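Enquirer: I'll drop the sequence and a predicted model, then ask my questions.
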Amino acid sequence: MSKCEHDTPKYCDLPLVMPRKLAPDLDQNRESLVRYIEKKWVNHTVLHYYFMQNRNDLAAPAVQLQAVRDAFDEWKGLGLGLEFIEVAQAVDAEFRIGFAPGSSWSYVGRDCIDLVPNHEQQTMNFGWDLTTAYGHDTALHEIGHAMGFPHEHQNHKAGIVWNEEAVYAAFAGSPNFWERDKTYHNIIRKLSSQDATGSSWDRDSIMHYQFQAGLILQPPGYENRPLIPAPGLSEMDKQEARKFYPGNIQIQWPQLVPFLSHKLDMKPGEQLDFIIEPKISRTYNIQTFGTMDTVIVLFEDDDSEPIFLAGDDDSGSNYNSKITLRLINGRHYYLRLRLYSEGTSGEGGIMLW
């Protein structure tokens, strides 16, 4: 993790996940946009978290649970369009949280549902006390991962040149005891321009580890002194979160009407939300058209919160996003579409039929 009052802290240990395979002939710019966005949630998603208190090996005292709730509230307090709701059943949760001692980690963004569909499995763990200043930053950091944000010290724009053998030696010892591959995955490995945000290096990010003196050769100034990020969410953390998950602006969402196409006039990273109110109960198709890379997600409005029904992601492929599902007359649905890239034509559309 990123901030600590101790000299040798324990660190976040991300699960090893292989990158999603994309078309081998994919244009580099297109791949960059896909990698930048692919693990983020569509905005206005309601994300549910569950504490795995039913298992003795994953349970924690109430004060630790409250520390996690407070961290969710702090992220939400930025005015984000995401919602975080605690639920009483694991089957209802995208984030399933345990407190096994030893390490803290989280799956990143949509990996929580794409790679861990079994509701009996964890997607996040806290391995130490969260009631300290470092513990509070730990909770913010792991929730940041669950929202889709990677480690900032692996940003290719950081320009960090490691004293690699010193790094491996430091993390092989107490209190982390990491094997070399784990240290490489969490520290040495650079997120390329296809994987990272493309933003300038934020050395105070909540997603940044701290590093003791002697581990960094460049940039200048860190050869003989530690790199200790400031505590809490940095200004750039807040900007990035608001950029991907802007607050709920009261606008009139367009309505998708059967057999009437809607032209998409968007920039990469932007999102459009649509209303669907079927007049006839039947199976419908919702599909994008053109060479755009998109993800579409369909929700049903049950008067309390949107319920996820289906989604499809065509990014990095040669097909279009498509959902086929039975919709019911009198019910209200929301379709959320996020654009990765405009494709070669710079145009596209979406249709319900």
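Expert: On my side now, so go ahead.

Enquirer: Would you mark the buried spots in stretch 268-275?
Expert: 268, 271, 272, 273, 274 (16 or more other C-beta atoms under 10 Å). Every C-beta, even on glycine, is put in place using the N, C-alpha and C of the backbone.

Enquirer: Run through who's touching that stretch.
Expert: 33, 36-37, 42-44, 243-244, 253-256, 262, 264, 266, 332-342, 350 (C-beta atoms under 8 Å, 6 or more residues apart in numbering).

Enquirer: still on that earlier bit, which ones among the buried residues of stretch 268-275 map onto strands?
Expert: 271, 272, 273, 274 (DSSP state E).

Enquirer: Determine which two of the residues you listed are furthest apart.
Expert: The distance between the two most remote of those (C-beta to C-beta) is 10.6 Å, for 271 and 274.

Enquirer: Tell me the one among the buried residues of stretch 268-275 nearest to residue 92.
Expert: Taking the buried residues of stretch 268-275 together and measuring to residue 92 by C-beta to C-beta, the closest member is residue 273, at 22.9 Å.

Enquirer: ok, residue 78 to residue 67 distance?
Expert: Using C-beta to C-beta, to the nearest Å, residue 78 is found at 18 Å from residue 67.

Enquirer: Tell me the bridge partners for residue 51.
Expert: residue 97 (DSSP bridges).

Enquirer: Identify the residues contacting it.
Expert: Residue 51 neighbours (C-beta under 8 Å, 6+ apart): 59, 60, 65, 68, 86, 97, 98.

Enquirer: so where's the stretch 151-300 of the chain uncertain?
Expert: For the stretch 151-300 of the chain, applying pLDDT under 70 flags the ranges 192-199, 248-251.

Enquirer: Start from the N-terminal end of it and give the helices.
Expert: 164-172, 180-183, 235-244 (DSSP state H, counting those that start in this stretch).

Enquirer: Check the burial of the closest residue to residue 301 other than its chain neighbours by counting its neighbours.
Expert: In space, and not counting its chain neighbours, residue 301 is closest to residue 332: 4.2 Å by C-beta to C-beta, 6 or more residues apart in numbering. When neighbours are defined as other C-beta atoms under 10 Å, residue 332 has 15 of them.

Enquirer: where's residue 332 relative to residue 298, distance?
Expert: Taken as C-beta to C-beta, the span from residue 332 to residue 298 is 12 Å.

Enquirer: Give me the common contacts of these two.
Expert: residue 276.

Enquirer: quick one on the thing from earlier: as a markdown table, the contacts of residue 51 with pLDDT would be great.
Expert: Output for the contacts of residue 51, formatted as a markdown table (pLDDT from 0 to 100):
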| residue | pLDDT |
| --- | --- |
| 59 | 97 |
| 60 | 97 |
| 65 | 98 |
| 68 | 98 |
| 86 | 97 |
| 97 | 98 |
| 98 | 98 |
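
Enquirer: Looking at those residues, which are in strands?
Expert: 86, 97, 98.

Enquirer: coming back round to it: filter the contacts of stretch 268-275 to the buried ones?
Expert: 33, 36-37, 42-44, 244, 256, 262, 264, 266, 333-342, 350.

Enquirer: pretty sure residue 205 contacts residue 158?
Expert: No - taking contacts as C-beta atoms under 8 Å, residue 205 lies outside contact range of residue 158: 10.1 Å.

Enquirer: and for those two, which residues touch both?
Expert: By C-beta under 8 Å, 6+ apart, the residues touching both residue 205 and residue 158 are residue 152.

Enquirer: And these two? Which one has more around it.
Expert: Ranked by neighbour count (other C-beta under 10 Å), residue 205 and residue 158 place residue 205 first, with 25 against 20.

Enquirer: Just give the closest residue to the more buried one, not the sequence neighbours.
Expert: residue 152 (3.9 Å).

Enquirer: can you list the domain ranges for this structure.
Expert: Domains of the chain are assigned by automatic domain parsing as 28-244, 262-352.
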